[in-house]
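> would you be able to build a 3D model of this:
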Amino acid sequence: MELIGVLFIFKIQSTYYSKYQAVGDSMHIIKKAVNQIESMVEDCGISDNPVILEQENEVARCAYERGALLRVTFGGRSAGLATDDPVRTTTKPSFMFGATLGKPALRSAAAGILNALTGFLCTSRRLHACLPDNHPTCIRELEDLITGKKIWCCGGMDQIRERFSSQIVNTPEEADLILVSSDGMISDENGIIPEEPDERYLFIGPSTSGVAVLTHGCHFCPYGRTNI
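Coordinates of the predicted model:
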């Protein structure tokens, strides 16, 4: 999606309510995170500074994520995002503010911008995927966290689904722990993730770091890198 298109959609959607903001409905978790960071960014006077979303050429990727890899850069700080709905453009943080983010591509853009902004503001340090050498240790640490628990996956996470198939339940209501990957967080069409996620929700991988930090959610990415 090109620059003019994404800016136009942000502006148009800012005047309407999506299904995530209808009366009686909960707000989408990414929209909640945008609201949380808005005052921080505006107080710093950086809301109209440029942010670049581009294809990531770094080969390392999180074992639990899928989709296209983007690098999002703001103020010299970069962060990664894996998404099924990539947006490559140059925009600014202020275009998220007031937008309903009713389309997956817009939520992808917002999630990536949140990752870069929280990195720039030093509130998040897991900005890029770890190296493949860390994957075996990472999956063992995740196994320690979920052993004996009923789990439900909000997102693809094929490796987790295969390795822990005996622990996976059919509905989130049955689960002791709900694992949230970037693709699940960006779609979340059924409103699985509440505005204020409790200890039942575990955000997985570097792509979810910005949203997790801003909504005070639990985050698992023990070997994610700050810089690449």
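> kindly export stretch 166-179 (C-alpha atoms) in CSV.
Coordinates of each C-alpha in stretch 166-179 appear next as CSV, following Å, rounded to 0.1, in the frame of the first residue of the first chain:
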residue,chain,number,x,y,z
SER,A,166,-2.1,-32.1,23.5
GLN,A,167,-2.5,-28.9,25.5
ILE,A,168,-4.5,-26.9,23.0
VAL,A,169,-8.2,-26.5,23.7
ASN,A,170,-10.9,-25.6,21.2
THR,A,171,-12.1,-22.3,22.6
PRO,A,172,-10.4,-19.4,24.5
GLU,A,173,-12.9,-19.8,27.3
GLU,A,174,-11.4,-23.2,28.2
ALA,A,175,-7.8,-22.0,28.2
ASP,A,176,-5.6,-21.3,31.2
LEU,A,177,-3.3,-19.3,28.9
ILE,A,178,-4.0,-17.5,25.6
LEU,A,179,-0.9,-17.1,23.4
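> buried ones in it?
Using 16 or more other CB atoms under 10 Å as the test for burial, stretch 166-179 gives 167-168, 172, 175, 177-179. Placement of C-beta: from N, CA and C, glycine included.
> could you list the low-pLDDT ranges of this structure?
1-26, 189-190 (pLDDT under 70).
> which stretches of it form strands?
Along the chain, the stretches classed as strands by DSSP state E are 51-55, 68-74, 77-83, 89-91, 151-154, 177-180, 201-204, 218-220.
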